[in-house]
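Participant: whatever this is, show me its structure:
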Amino acid sequence: MADHQPTHAPPHPAPDHTAGLGLAIGAALIITAITAIAFWLSYHHLHDVAAAHGLAADSRRAWAWPAVLDLFYLAGELLILRASYLRTVDPWAIALTAVGALGSIGLNVAGVGPGAPVLEYVVAAVPPVAALLAFGALMRQLHAWFALAEETAVVAPSTSVNASAVSRSTAVSAPVTPPGPMPPTAPPTLVTPAAPPAPAPIAYSDPRCTAVRALYNTGHRPGTAAMRDALAAAGFGRVSDSTIRGQIRAEVERHEPHLAQLPPALRTA
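Facilitator: Coordinates of the predicted model:
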């Protein structure tokens, strides 16, 4: 009877990282162009609004006035990207982005004036909304790039497996010599292997990190409420939520980045 060899599906081809990088760069260039055009249209319309409502006599002030909103928006988006890179939440960055984006959209629409056709309001609203979406997409691309760079730095190639394979191959291919008579030897002495040295404790700059680090032993990433309770039980008193997330938990996960990948606990904040 003929032996039936199991058939295996051919492995999927490895993704072409070069092509993926080219697509990401192309998307980033298109998004950057959309962002620049949308900001220019929004900025120009806000200049017209400022000139029509008190700043017509001074063109420099009329051109500078839209920056009060647009620069708030740009700064907020960059701070949100920074907070995302640090794996924390920055309420001030969110507030700046909301003030700049909503203010720009609202004033662009209000600058059309009452009684205008609906399409004119739509035309006025499109540039700031497009700037909001395009700049957010650009920040997301940068965040994905930061995450990929961090993952590449953490995962280093190892040659131990290849070395072991070479050793096994050498051992198999070496000629086998028949054993000769064994000389009398003393009874073997049992040697107890030494225990591996304990890892050195992490020296935190903030002593409150020790209380928060113990919560990760459950196999979950603790939420704000659990960390707040642990700090209070350890005698550290009342600590603000922003300090817990942005300072204490951030320092713990900076020393041990794998902790940030744990699933969140059921009780989160």
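
Participant: poorly predicted segments of the stretch 51-200 of the chain, please.
Facilitator: Flagging of the stretch 51-200 of the chain using pLDDT under 70 yields the residue ranges 143, 146-199.

Participant: can you show me the strands along it?
Facilitator: Read by DSSP state E, counting those that start in this stretch, the stretch 51-200 of the chain holds no strands at all.

Participant: now do the helices in it.
Facilitator: If DSSP state H, counting those that start in this stretch is used as the criterion, the helices of the stretch 51-200 of the chain fall at 59-64, 67-85, 91-110, 118-154, 160-173.

Participant: make TSV out of those and add mean neighbour count and distance to residue 35.
Facilitator: Just so you know, the C-beta spots here come from the backbone N, C-alpha and C atoms, and that holds for glycine as well. Below are those laid out as TSV (neighbours: other CB atoms under 10 Å; distance: least, CB to CB, whole Å):
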stretch	mean neighbour count	distance to residue 35
helix 59-64	14	20
helix 67-85	17	10
helix 91-110	18	13
helix 118-154	15	4
helix 160-173	9	46
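
Participant: just to check, residue 250 is in contact with residue 89?
Facilitator: No - Residue 250 sits out of contact with residue 89 when judged by CB atoms under 8 Å, with a separation of 10.3 Å.

Participant: before we move on, back to that, closest one to residue 225 among the helices of the stretch 51-200 of the chain?
Facilitator: helix 91-110 (17.0 Å; CB to CB).

Participant: quick one: residue 245 from residue 140, how far?
Facilitator: Noted for residue 245: a distance of 21 Å to residue 140, by CB to CB, to the nearest Å.

Participant: whoops, I mixed them up, residue 210
Facilitator: Remark: distance between residue 210 and residue 140 (CB to CB) = 35 Å.

Participant: next, find the distance separating residue 123 from residue 215.
Facilitator: For residue 123 relative to residue 215 (CB to CB), the value is 53 Å.

Participant: repeat that for residue 28.
Facilitator: For residue 28 relative to residue 215 (CB to CB), the value is 38 Å.

Participant: who's more crowded, these two?
Facilitator: residue 215 (19 against 15; other CB atoms under 10 Å).

Participant: just to be sure, that one is in a strand?
Facilitator: No - counting by DSSP: H, G, I helix; E, B strand; the rest coil, residue 215 is not found in a strand; it is helix.

Participant: give me every residue that touches the closest residue in space to residue 86 that isn't next to it in sequence.
Facilitator: In space, and not counting its chain neighbours, residue 86 is closest to residue 250: 5.9 Å by CB to CB, 6 or more residues apart in numbering. Counting by CB atoms under 8 Å, 6 or more residues apart in numbering, residue 250 touches 86-88.

Participant: could you do residue 242 as well?
Facilitator: Counting by CB under 8 Å, 6+ apart, residue 242 has contacts 89, 91.

Participant: tell me the phi and psi of the closest residue to residue 216 other than its chain neighbours?
Facilitator: Computed as CB to CB, 6+ apart, the closest residue to residue 216 that is not its neighbour in sequence is residue 259, at 5.2 Å. Note on residue 259: backbone dihedrals following degrees, to the nearest 10 are phi -70, psi -30.

Participant: OK, contacts around residue 259?
Facilitator: Counting by CB under 8 Å, 6+ apart, residue 259 touches 216, 221, 252-253.

Participant: could you identify the most distant pair in these?
Facilitator: It's 221 and 252 that sit farthest apart of the contacts of residue 259, by CB to CB, at 10.1 Å.

Participant: just want to know which of the two has more residues nearby.
Facilitator: residue 252 (24 against 19).
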